[in-house]
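Trainee: After the sequence you'll find the predicted model.
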Amino acid sequence: MRTGEPLPALGDVLAGLDTGLWHWDTAAGLVTVDAVAARLIGLPPEQVSLTEAQVRARLHPVDWNGITGSVQLAVIEGTLAEVRIRIMDGQDRVVRVVRSRLKPAYDRVRKAYVLTGTLQEVTEPAPGTPAGSGAVTGDRRRSREAFLLDAGRALAEARSTQEVLRVAANLSMPGFSPDGLAVFGVEGDRLTVVGHHGHEHGADNPFSMPLDTDYPAAEVVRTGRAVYLSSPEEYEARYPLTWPLAQRFGRRSWAFLPLTASGRTMGAWLAAFTHPVAFTPDERSVLTTVARMLAQALSRAGTAENERALTDGLQRSMLPRLGPQRIPGMSVAGRYVPTGGGLQVGGDWYDVIPLPSGRFALVIGDVQGHDVRAAGLMGQLRIALRAYASEGHRPDAVLSRASRFLHGISEADPAETRFATCLYVEVDPGSGVLEIARAGHPDPMIRLADATVLTRPTAGGLPLGIDPDADYPTTRLPLEPGETLLICTDGLIETGGHDLETGWQRLRGILEEHKGDQEELADALVQGVHGPSSHHTTGPLADRREDDIAVLLLCREGEGCGCGAESDTALPPARRTMLTVAQAEPERIAVARQQLRELLHDWSSADQVDSAVLLLSEVLTNVLVHTDTDALLLAEVTGGGNGRRIRVEVTDACDDLPHVRSPGELASSGRGLLMVELLAHAWGVAPRGEGKSLWFELYETERTGSG
């Protein structure tokens, strides 16, 4: 070629050098080859685009894995990748060996690799020959480094013994891949098989032999030194007694390596080959490195499996099984989800306790912390609560004794002082009355028969274990037919970065939208809080999922509850709430107002809701100001469609009847009943045997006149 003449086309140069080009886009899953590359992989010599599966069918499976590992290493190092690839025909025979040099790039947007490279046919020495065991070239060394990188990653990600064995069985060592693998373990003074691959003939039979047997794996465990056998003759000469065990599998070379973790030989790893292997220093280095990674992975997996077994045992012993038991007219569902701590068990628990009176108790609690100490205290506290309840004590007495018990444990070990929140509910299945004592725990929620959800503020005391003389007042609530009680630990409320307010709103939405039975509702609550969808509905705080979750559902069977018991009447279910406002608790008027707003959450007129809340506040205030008794609130929504009615009734123990007055312009009182008369559609005062009740009604559909 004379100076100044144009260079020949790249394609002509490559074709003259018998070098092909190929391009692989992993996102599209397509491989494009030119005519030379197509001929080298056994296709007609023309440019064509193939799927990954079509290309992979023509390559040796070991080499396909080698390409993947080399590409990952080259991207990390920013260098070229070099691989040798064996081309196979339809009968799985090697027809040629090609070398590929390629430049990979990683597309972060599509999360895919884009590769462009060359293909050239090379002469590959047969496995086990002197040429095949010679010096390791740069591309082969790079391929083995990529293999070790990929093998280390896969073994590090394995979480169980079976996963580790599965990874080991799929390891494709570049240049000398084994055809059979086995992992041996030690039980007492005997050698056993933990797992195997490629030993189908009789390999499933139980295998166990004494460690002093003249067998390579047993010797490796005894001495901690590897054994390499390059030929059947060498195997038979060194281990004549156990040679028949290996002879039937038709292997040509064997490597037995110790599995050592933390300075202790825990077993042995066998790699068997159908072709002779010289076990050069480089090959021994690769096998030794894999054996070390395999030992570490098996050790981690064994530790994790022991922890899971301990966790399962703790859970089975500390949590009741709710399935078989049956409570007349009621159903109970519970869930416990451990999410934090090293052991997957923490301080949350629930319990269902039969009582001597024929009633039963629901208990849910949370011991401070997410460690073994918390789990141990939880078990002791659960047993103590069950014992106190079984003695027939009332809810307040049960919690008082439990607090004294936990405080005593803390005094014995001041460095490990803990407290616990708890909610104790005594249930009368016949009447549906709930007697609730609360120790620093979240309040319960009630799902009414028409799916309206109300929070139920209850009186409470300090968490258990803080003050041995703490009092725990009792709150009485009715559970009507078709209604469901929800009690839970704060993990159900706050998981996912929620505070108490936003967490309750999330639970309210799940409760209101659910249509199934209690078991399905319990699953929906856990899934909505801890499932994949919850990652898209995080709260205003940092998204943390480290707190355990415990939840109990109690349903009183009736129309709308989802338990299968439906009423014969066609009338829509009533929606009601009850609340006591004591003379010493005027702040509960605000609670009553909030309860009424929740009861009227879907009322069509916001002005009527405001009027109802205003009238309720006036009536309750009149009782506290003008009498020396407590006030009992009963609010009820009845009817359906556009004919609903809200009736609010406030009862007290004073016999003096109120009267409508005309207060002067500067009077500071006397306007309560006047406001009731102006804003209510109907109202009245009803004397009782002891005391009286004042009631008023508002109709969602406007009516003429008022009572």
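Mentor: Alright, I've got the coordinates. Numbers count the residues shown, from 1 in each chain.
Trainee: how about low-confidence regions in the stretch 351-500 of the chain?
Mentor: 370-371, 412, 414-415 (pLDDT under 70).
Trainee: In it, what residue spans correspond to helices?
Mentor: Listed in chain order, the helices of the stretch 351-500 of the chain (DSSP state H, counting those that start in this stretch) span 372-390, 395-412, 490-494, 500-513.
Trainee: how about the ones you listed, which one is nearest residue 20?
Mentor: helix 500-513 (59.2 Å; C-beta to C-beta). Using the backbone N, CA and C atoms, a C-beta is placed for each residue, glycine as well.
Trainee: Check which helices and strands the closest one is in contact with.
Mentor: In terms of contact count using 3 or more C-beta pairs under 8 Å, 6 or more residues apart in numbering; DSSP states H and E, helix 500-513 is assigned the packing partners strand 445-447, strand 453-455, strand 484-488, helix 490-494, helix 518-530.
Trainee: Run the chain-centre distance for it.
Mentor: 20 Å (C-alpha atoms, centre = their mean, to the nearest Å).
Trainee: Format the CA atom coordinates belonging to it as PDB.
Mentor: Extracted in PDB, the C-alpha atoms of helix 500-513 (Å, rounded to 0.1, in the frame of the first residue of the first chain):
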ATOM      1  CA  LEU A 500     -49.800   7.600  66.100                       C
ATOM      2  CA  GLU A 501     -52.100   9.900  64.100                       C
ATOM      3  CA  THR A 502     -51.100   8.900  60.600                       C
ATOM      4  CA  GLY A 503     -50.700   5.200  61.600                       C
ATOM      5  CA  TRP A 504     -54.300   5.100  63.000                       C
ATOM      6  CA  GLN A 505     -55.500   6.700  59.700                       C
ATOM      7  CA  ARG A 506     -53.800   3.900  57.700                       C
ATOM      8  CA  LEU A 507     -55.300   1.200  59.800                       C
ATOM      9  CA  ARG A 508     -58.700   2.900  59.600                       C
ATOM     10  CA  GLY A 509     -58.600   2.700  55.800                       C
ATOM     11  CA  ILE A 510     -57.800  -1.000  55.900                       C
ATOM     12  CA  LEU A 511     -60.500  -1.800  58.400                       C
ATOM     13  CA  GLU A 512     -63.200   0.200  56.500                       C
ATOM     14  CA  GLU A 513     -62.400  -1.300  53.100                       C
END
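Trainee: Give me the buried positions along that helix.
Mentor: 502, 503, 504, 506, 507, 508, 510, 511 (16 or more other C-beta atoms under 10 Å).
Trainee: Among these, which one lies nearest to residue 682?
Mentor: Within those, proximity to residue 682 (C-beta to C-beta) peaks at residue 508, which comes in at 31.1 Å.
Trainee: does the closest one really touch residue 453, like I thought?
Mentor: Yes: with contact defined as C-beta atoms under 8 Å, residue 508 reaches residue 453; the gap is 4.6 Å.
Trainee: Touching both of these two, which residues are there?
Mentor: residue 445 (C-beta atoms under 8 Å, 6 or more residues apart in numbering).
Trainee: how near is residue 539 to residue 500?
Mentor: Separation of residue 539 from residue 500 (C-beta to C-beta, to the nearest Å): 10 Å.
Trainee: Then residue 309?
Mentor: For residue 309, the distance to residue 500 equals 36 Å [C-beta to C-beta].
Trainee: give me the number of residues near residue 178?
Mentor: Neighbour count for residue 178, taken as other C-beta atoms under 10 Å: 24.
Trainee: hang on, I meant residue 579
Mentor: 21.
Trainee: Over to residue 656?
Mentor: Residues lying near residue 656 (other C-beta under 10 Å) number 10.
Trainee: Point me to the helix or strand that includes it.
Mentor: Under the criterion of DSSP states H and E, residue 656 resides outside all helices and strands.
Trainee: hang on, it packs against residue 628?
Mentor: No: contact criterion C-beta under 8 Å: residue 656 and residue 628 do not qualify, at 11.1 Å.
Trainee: how far off helix 372-390 does the longest helix belonging to the chain point, in degrees?
Mentor: Scanning the chain for the helix with the most residues, using DSSP state H, yields helix 281-318. With axes from the mean of the first three to the mean of the last three C-alpha atoms, to 10 degrees defining the directions, helix 281-318 sits at 20 degrees from helix 372-390.
Trainee: change the start of the numbering to 549 and stick with it
Mentor: Yes, from this point I'll number from 549; that puts the last item at helix 829-866.
Trainee: Now do the very next helix or strand once past helix 829-866 against helix 829-866, angle only.
Mentor: Next helix or strand after helix 829-866 toward the C-terminus (DSSP H and E): strand 878-885. Angle, strand 878-885 to helix 829-866, by the same axes, to 10 degrees: 150 degrees.
Trainee: Can you show me the strands along the stretch 599-748 of the chain?
Mentor: Taking DSSP state E, counting those that start in this stretch as the criterion, the stretch 599-748 of the chain carries its strands at 629-636, 642-655, 660-670, 728-735, 738-745.
Trainee: Now do the first one: everything it contacts.
Mentor: I take that to be strand 629-636. Strand 629-636 is contacted by residues 588-590, 605-608, 610-611, 614-615, 618-619, 621-622, 642-652, 665, 667, 670, 672, 686-688, 690-691, 694 when judged by C-beta under 8 Å, 6+ apart.
Trainee: among those residues, which ones are buried?
Mentor: Of the contacts of strand 629-636, these count as buried by 16+ other C-beta under 10 Å: 588-589, 606-608, 610-611, 614-615, 618-619, 621-622, 644-648, 650, 652, 665, 667, 672, 687-688, 690-691, 694.
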